[in-house]
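Trainee: Just a sequence and a predicted model for now, questions to come.
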Amino acid sequence: MSTRAARLHRISQIISSNQISSQGELLRLLEKDLVSVTQATLSRDLEFLGAIKVHGANGDSYYAIPEDSTRELPARDQSRLARTLADLLATVDYSGNIVVLRTPPGAASYLASALDKSELESVIGTIAGDDTVLVVTRDSNGGKAVAKQLQELSQQQRQKGTRTKGDKS
């Protein structure tokens, strides 16, 4: 699991299925899954995911990711979607009202979730496999426009990332 998005997805899965009380505990579980990450990066990932500490009935605290933690302003949603697309999108194809997105293995669910949370008006919903996301559009011929929109978001973010990495000022 080498991409940031895949790592974020795995962190979300671990937190939702376990009561994780510390970053150290989470690091150990990630290492078991062969996910290599530093404590500093894990801390940033938890912040990005909106993870918070909650108290259980017995008083112990553990990490949770609130369902509404991803309900941000539309501009931020689009920015998050653009970053996720830039990280994960390998290929785009379409037919009629269907768009097919290819990702690295294990990353399709994360991308589908990002698309669902972005609430694109032209998208009815998504279905994810291991490395493929099926996007269904409202318009019977909307696949071409949505495919183009997603491809452009990905390319713009990649270009932005390249310029930022190259800047030394």
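Mentor: Yep, that arrived. Keep in mind that what you see is a predicted model, and the values were worked out from it rather than measured.
Trainee: what's next to stretch 80-97, contact-wise?
Mentor: Here stretch 80-97 makes contact (CB atoms under 8 Å, 6 or more residues apart in numbering) with 3-6, 70, 72, 99-104, 107, 110-111, 114-115, 117-118, 136-144, 146-147, 150-151, 153-154, 156-158, 161. (C-beta placed from N, C-alpha, C; glycine too.)
Trainee: Please narrow these to those residing in strands.
Mentor: Counting by DSSP state E, the part of the contacts of stretch 80-97 found in strands is 99-102, 136-137.
Trainee: thinking again about what came up before, just the buried ones among the contacts of stretch 80-97, please.
Mentor: 3-6, 70, 99, 101-104, 107, 110-111, 114-115, 118, 136-137, 142-143, 146-147, 150-151, 153-154, 157-158 (16 or more other CB atoms under 10 Å).
Trainee: returning to that earlier point: among the ones in strands among the contacts of stretch 80-97, give me the pair with the biggest separation.
Mentor: For the ones in strands among the contacts of stretch 80-97, the farthest-apart pair by CB to CB is R102 and T137; their separation is 17.6 Å.
Trainee: Leaving out chain neighbours, which residue sits closest to the spatially most central residue of the chain?
Mentor: Central residue of the chain (CA atoms, centre = their mean): Y110, 4.4 Å from the mean position. Among residues not flanking Y110 along the chain, H9 sits closest, at 3.8 Å (CB to CB, 6 or more residues apart in numbering).
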